[in-house]
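[1] Quick one: sequence and predicted model below, then my questions.
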Amino acid sequence: MKLPLFVLILITQLASAQPKMIVDQNGLTSAYILCSKDVYSINELPSFIADSARSILAKYMGDSLSKKLTFSIAQIIDTSRYLKSEKKKVLPPNLPKYEMAYNLRVPEIGIKGLTIELRLTQYGKKLKLTWPRKGVKDISVFLPLDTIRTFALVKAKKLKFQIENCKVDFIYDEQAQKFLWQFKFPNGEIDKDGAGKYDCISVNWLDPNDFTVDKISVRVVY
């Protein structure tokens, strides 16, 4: 069966505009570095804190994904030093006692490395977890990256975006509790460092029908 000429042209253009898609984000960005102690082994934490962390991770990530985690680092926050450094008299209710980072590796779906942050109170209660609260407990829920890429590029072509030199970023939207792939298409002149204006399509990794289209400006701070 012969394909129409416009379809062949579209396929050729999409093939030349394949942005690299891989999750490679490691490292803990902490707000408490000046008032905390670093711990590099989970065995250095109180056993009930380690047990609480394992239980929370298994609850939200499922057994199969939580078993792919490797402990990276924890910070034990000194509340007295925090009050002094921040010049406060009362501790904020969301101040953690333990800030923990784990590395998730699932190369078969495109996750080379992803830092999962978990914050706990002194009693082991969860304050923050950079993972959706529900619905993401197995790798089967993640769509193939080719599916997400093709959807975004076809949508961009329909919107007459400049698909050449497309850039793509992986983002965890903590407020929306979603894993997003953000495709950025140049809209005008882009400098050598990537600063400029872009047409942007953000696609939910679990559901390509859940997407947004925006215009963004990228600035580079030296």
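    All right, it came through fine. Fair warning: this is a prediction, and the values are worked out from it, not measured in the lab. Residues are numbered from 1 along each chain as shown.
[2] Roughly how far does the residue nearest the centre of the chain sit from Phe161?
    Nearest residue to the geometric centre of the chain (C-alpha atoms, centre = their mean): Tyr172, 3.3 Å. In this view, Tyr172 and Phe161 are 24 Å apart by C-beta to C-beta, to the nearest Å. Quick note: C-beta positions are derived from backbone N, CA and C, even for glycine.
[3] do Asp210 as well
    Asp210 is 19 Å from Phe161, by C-beta to C-beta.
[4] more neighbours, those two?
    Phe161 (22 against 13; other C-beta atoms under 10 Å).
[5] Enumerate every residue touching the more buried one.
    Contacts here follow C-beta atoms under 8 Å, 6 or more residues apart in numbering; on that basis Phe161 touches 185, 187, 199, 201.
[6] pretty sure Phe179 belongs to a helix, no?
    No - checked against DSSP: H, G, I helix; E, B strand; the rest coil, Phe179 lies outside a helix; its state is strand.
[7] and which of the contacts of Phe161 is nearest Arg54?
    Ile201 (37.4 Å; C-beta to C-beta).
[8] The closest one in helix, strand or coil?
    Ile201 - assigned by three-state DSSP - is strand.
[9] which stretches of the chain have low pLDDT?
    Where the chain drops to pLDDT under 70, the residues are 1-18, 220-222.
[10] Buried ones in the strand ranked longest in it, by neighbour count?
    With DSSP state E applied, the strand covering the greatest number of residues in the chain is identified as strand 207-218. Residues 208, 211 are the ones in strand 207-218 that count as buried (16 or more other C-beta atoms under 10 Å).
[11] repeat for stretch 90-105
    Quick answer for stretch 90-105 (16+ other C-beta under 10 Å): 95-104.
[12] Restricting the selection to alpha carbons, write it to CSV.
    Extracted C-alpha coordinates of stretch 90-105, given in CSV (Å, rounded to 0.1, in the frame of the first residue of the first chain):
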residue,chain,number,x,y,z
VAL,A,90,9.1,28.9,66.5
LEU,A,91,9.7,25.8,64.3
PRO,A,92,7.5,25.7,61.1
PRO,A,93,5.1,22.8,61.1
ASN,A,94,6.5,21.3,57.9
LEU,A,95,10.1,21.3,59.1
PRO,A,96,11.5,17.7,58.7
LYS,A,97,13.8,16.0,61.1
TYR,A,98,15.0,13.6,58.4
GLU,A,99,15.5,14.4,54.7
MET,A,100,16.3,11.3,52.7
ALA,A,101,17.2,10.7,49.1
TYR,A,102,17.0,7.5,47.1
ASN,A,103,18.1,6.7,43.6
LEU,A,104,15.7,4.9,41.3
ARG,A,105,17.1,3.1,38.2
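[13] how distant is that stretch from the center of its chain?
    17 Å (C-alpha atoms, centre = their mean, to the nearest Å).
[14] Please work out which residues outside it touch it.
    26-28, 30, 32, 36, 45, 49, 53, 57, 65, 68-77, 79, 82-83, 111-122, 127-128.
[15] for stretch 64-79, same thing?
    26, 28, 30, 32-33, 35-42, 44-45, 54, 57-58, 61, 91, 95-106, 115-116, 136-139.
[16] Quick one, which of the contacts of Phe161 are buried?
    185, 187, 199, 201.
[17] Great, nothing more from me.
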